[in-house]
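# generate a structure from the sequence data that follows.
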Amino acid sequence: MDVSAFFKSEFAEHHAVARATEAALQPAFAKLLAACVSCIRGGGKIMLFGNGGSAGDAQHIATELTVRYKTDRAPIAAIALTTDTSTITAAANDLGFEQIFVRQIAALGRPGDLVIGISTSGKSPNVIAGLTQAKTMGLMTVAFGGKGGGDLAADHLLVVPSDTTARIQEMHILIGQMLCGALEIELGLLPPA
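Alright, predicted model coming up:
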């Protein structure tokens, strides 16, 4: 293997997907930010969920919101539905794996809340079911996807223009971190410069 060529090729694809994502998703990001600001200002919370690497992204973003992103500030209400192993395993065992997010959204979701489902393929049955449950409850729904969006349906759909899972995941965490930074600014939580 030519490590140098591999390294350069991966970066070239990353840069190309980043540019395409920037061009495609700026308006969708602005709408997502407005929805999240409205949710938090209205006393709601942001619930995030996904499988595998997307579960990791959900946890990462929720942590940045509840603890801090750039500096110490008031917490932003967020929770990753991927962290309670007792709930996840009980729901999977008793109700089926497709229900692990549905059950938590049904239990924890309240009017004014917002959910963010993350699926690189757009075909994860439990993520789709979670978004459907949230929609049924009147919650604001957001989906981060890739590969053309798959079967994702949400009020706010942010589909990374790529078919490469790694590149999609890189853009999802970038968008998630951008959301954290923009929320801190829009909610006036950063100390004066």
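# tally of neighbours for residue 86?
Each residue near residue 86 was counted by other Cβ atoms under 10 Å, and the total is 7. Any C-beta I mention is one placed from the backbone N, CA and C, and that applies to glycine too.
# swap in residue 5?
The burial count for residue 5: 9, using other Cβ under 10 Å.
# also the one 5 residues further on?
Burial measure for residue 10: 13 neighbouring residues, criterion other Cβ under 10 Å.
# for this structure, give me the ranges with low pLDDT.
Across the chain, the ranges flagged by pLDDT under 70 are 192-193.
# can you pull out the helices in it?
Ranges of helices within the chain are 3-41, 53-66, 85-95, 100-108, 125-136, 165-186, based on DSSP state H.
# who touches the third one?
Under the contact criterion Cβ atoms under 8 Å, 6 or more residues apart in numbering, helix 85-95 has outside partners 82, 99-100, 103-104.
# which pair in the residues you listed spans the largest distance?
82 and 99 (14.2 Å; Cβ to Cβ).
# the two: which has the busier surroundings?
Neighbour totals were compared for residue 82 and residue 99, and residue 82 leads with 23 against 18 (other Cβ under 10 Å).
# residues in contact with the more buried one?
48-50, 55, 58-59, 88.
# now these in a markdown table, with neighbour count and distance to residue 71?
Below are the contacts of residue 82 laid out as a markdown table (neighbours: other Cβ atoms under 10 Å; distance: Cβ to Cβ, whole Å):
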| residue | neighbour count | distance to residue 71 |
| --- | --- | --- |
| 48 | 27 | 22 |
| 49 | 30 | 27 |
| 50 | 28 | 27 |
| 55 | 18 | 27 |
| 58 | 28 | 23 |
| 59 | 18 | 21 |
| 88 | 19 | 33 |
